[in-house]
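A.B. asks: Quick one: sequence and predicted model below, then my questions.
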Amino acid sequence: MQVTPVDTEYSQHNGFRWDGVKFISVPPQPKPQSQAAGTAKLSPDDLDDDEDRENGFLSASARKAFKDAGWHYKDLRGFGQDPQSTLAINLGKASFNLTITNIPLVATETPRFDPLAFGTKSMQISKSDPPEKEQMLWSQNGWQEISKGEFDKRAERSGQAMRLPVNLWVWLAIFALATFWRFGAWGHLLLNLLGLKGRVLKNMATSYSFPPATPAQFPALDTAALDRYTREFESMGFVRLLDFSLVSNAPQPIPIFGRLFAHTRHHCFGEIGQIFPRGNAPLPLACSMQSVLQDGWTLTFSDRKPIAAGSMIRRRKALSVSMPGTASSALLQAFLQMREQVCQDLGISPMKDDTLEAYIAKVQRTATEIHESVKERNFATAVSHVYFRKLSLLKTREEYAWLGDYPKEAERRKQGLPVEARAL
């Protein structure tokens with residue numbers, strides 16, 4: 001008895017034979033060379049190839065039922081030896097040729113699983129009577145490098161969204177949020193007893209000063225981004241008002257550099273700023289557009305990703321939209337469009353005071369409103385919102401929006417309800 005393997009890239013795997021006493025090694029037999037592959041012509045129906053073979057998704061009997069009804073059934077595969085296969089298709093008086101081009105198999109390399117390294121490369125169709133130029137139906141161009149943004153968009157279109165891993169700590173956080181939400185009043189009382197809310201209020205700023213500053217005073221300042229933003233703002237019609245350091249009256253103020261602009265035609269402020277948290281890396285330099293509206297409403301657009309703690313200082317009439325990575329020109333257009341819509345829905349207008357004094361007054365008023373808002377807030381619910389927001393911010397979105405009471409007020413005005421109806 002003798003077993004002789006065919007010669008492959010795994011030449012170390014020999015055969016064997018029995019010499020009457022023991023098995024001895026037999027070298028592999030050279031693989032017979034096949035003829036040069038060419039273009040194969042496919043039969044119009046798999047049923048004609050093998051009546052008894054189970055082929056593709058349909059059994060022979062099911063395929064026969066198709067044929068008896070006047071249909072053809074053909075399983076097109078991209079793993080044959082021929083680099084091209086042609087299937088003739090007759091539809092009434094017209095005839096077409098479907099050409100399938102396969103990726104050639106490389107026999108000299110060790111096979112590896114790569115779904116784009118084998119199979120069908122392209123499918124083309126052409127009219128054969130009369131002859132016409134082939135049209136590409138589908139083509140596989142291999143692996144291509146794309147940006148992270150394009151990858152995320154394709155992943156969202158492909159079906160189920162990507163899910164982040166959920167471990168025990170996340171489940172504990174969710175349980176804590178649910179507990180705070182369900183027993184908010186008790187949690188509020190407990191946090192007050194522990195003094196957490198008092199410590200937060202004590203460390204919050206209630207006023208700011210605006211001493212002039214220069215970029216040289218901030219060694220970690222991203223001056224390249226500052227210059228780029230400045231050119232963009234000035235090209236959009238903004239006028240520079242002040243370079244300043246925003247200094248709060250908090251016990252441990254955080255160093256902040258800001259460059260303030262005003263737009264006298266659009267009646268809004270523009271701000272470029274960078275925050276330098278103590279003991280941590282500086283936050284990326286970013287920009288914002290701000291507008292003060294009538295009746296105490298404000299609108300802010302920023303290209304900075306929001307932070308989780310921002311949910312604690314939200315106010316009902318302070319609308320804010322964050323659009324991370326958006327160009328400053330596109331940010332301004334989105335800001336103006338939403339401001340126009342808000343003013344139309346609420347029956348108000350932008351304030352037209354574009355001076356430095358008006359900006360400082362706005363910031364001081366904002367600090368007071370934030371302090372009062374946190375003071376009146378159910379702190380257990382507020383803390384749960386912060387942790388919930390931390391989870392939601394793990395994946396960056398194109399836009400984040402806080403609309404406060406704007407949707408409710410706009411609907412009330414649309415229906416012509418009186419002011420007292422807001423309490424219902």
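C.D. replies: Thanks, I have it.
A.B. asks: Phe269 touches Gly258, doesn't it?
C.D. replies: No - under the criterion of CB atoms under 8 Å, Phe269 is not in contact with Gly258, lying 10.8 Å apart. In this view, the C-beta of every residue, glycine as well, is placed from N, C-alpha and C.
A.B. asks: So which helix or strand of the protein has the lowest pLDDT on average?
C.D. replies: helix 184-194 (a mean of 50; mean pLDDT, DSSP states H and E).
A.B. asks: that older thread, higher neighbour count, Phe269 and Gly258?
C.D. replies: Phe269 (23 against 17; other CB atoms under 10 Å).
A.B. asks: host element of the more buried one?
C.D. replies: strand 268-275 (DSSP states H and E).
A.B. asks: What pairs with that strand, parallel or antiparallel?
C.D. replies: Here strand 268-275 is paired, per DSSP bridges, with strand 256-263 (antiparallel), strand 286-292 (antiparallel).
A.B. asks: Just to be sure, Lys414 is in a helix?
C.D. replies: Yes - counting by DSSP: H, G, I helix; E, B strand; the rest coil, Lys414 is located in a helix.
A.B. asks: so who does it touch?
C.D. replies: By CB atoms under 8 Å, 6 or more residues apart in numbering, the contact set of Lys414 is Asp345.
A.B. asks: before we move on, what about Lys362?
C.D. replies: Here Lys362 is in contact with Phe269, Gln290, Val292, Thr298 (CB under 8 Å, 6+ apart).
A.B. asks: Among these, which one sits closest to Ala361?
C.D. replies: Nearest to Ala361 among these: Val292, at 9.0 Å, using CB to CB.
A.B. asks: Now do the closest one: how many residues are near it, please.
C.D. replies: Val292 has 22 neighbouring residues, counting by other CB under 10 Å.
A.B. asks: try His72
C.D. replies: 16.
A.B. asks: thought it was touching Pro44?
C.D. replies: Yes - contact criterion CB under 8 Å: His72 and Pro44 qualify, at 5.5 Å.
A.B. asks: mind listing the helices for the stretch 251-400 of the chain?
C.D. replies: For the stretch 251-400 of the chain, the helices defined by DSSP state H, counting those that start in this stretch cover 328-346, 356-376, 379-392.
A.B. asks: What residues sit buried inside the longest one?
C.D. replies: By neighbour count, with 16 or more other CB atoms under 10 Å as the criterion, the buried positions of helix 356-376 are Tyr359, Ile360, Lys362, Val363, Thr366, Ala367, Glu369, Ile370, His371, Ser373, Val374.
A.B. asks: rewinding a little: could I get the helices of the stretch 251-400 of the chain as JSON lines with distance to Thr264?
C.D. replies: JSON lines is the format used below for the helices of the stretch 251-400 of the chain (distance: least, CB to CB, whole Å):
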{"stretch": "helix 328-346", "distance to Thr264": "14"}
{"stretch": "helix 356-376", "distance to Thr264": "12"}
{"stretch": "helix 379-392", "distance to Thr264": "36"}
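A.B. asks: May I see those arranged in TSV, with mean pLDDT and distance to Asn102 as well?
C.D. replies: Listed next are the helices of the stretch 251-400 of the chain as TSV, based on pLDDT from 0 to 100; distance: least, CB to CB, whole Å:
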stretch	mean pLDDT	distance to Asn102
helix 328-346	95	45
helix 356-376	87	66
helix 379-392	56	47
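A.B. asks: any idea how far Lys148 is from Ser235?
C.D. replies: For Lys148, the distance to Ser235 equals 28 Å [CB to CB, to the nearest Å].
A.B. asks: neighbours of Pro253, just the number please.
C.D. replies: 15.
A.B. asks: which residue packs closest to it, ignoring adjacent ones?
C.D. replies: Distances taken as CB to CB, 6 or more residues apart in numbering put Val247 closest to Pro253, at 5.7 Å, once the chain neighbours are dropped.
A.B. asks: residue contacts, the one you found?
C.D. replies: Here Val247 is in contact with Tyr208, Ser209, Phe210, Pro211, Pro253 (CB under 8 Å, 6+ apart).
A.B. asks: Those residues: which two are farthest apart?
C.D. replies: Maximum pairwise distance among the contacts of Val247 (CB to CB): 12.8 Å, between Phe210 and Pro253.
A.B. asks: I'd like the mean pLDDT over stretch 82-92, please.
C.D. replies: Averaged across stretch 82-92, pLDDT comes to 80.
A.B. asks: Buried residues of that stretch, list them for me.
C.D. replies: Taking 16+ other CB under 10 Å as the criterion, stretch 82-92 shows Asp82, Pro83, Gln84, Ser85, Thr86, Leu87 as buried.
A.B. asks: Now, these that are in strands?
C.D. replies: Here DSSP state E is the test, and the buried residues of stretch 82-92 give Gln84, Ser85, Thr86, Leu87 as lying in strands.
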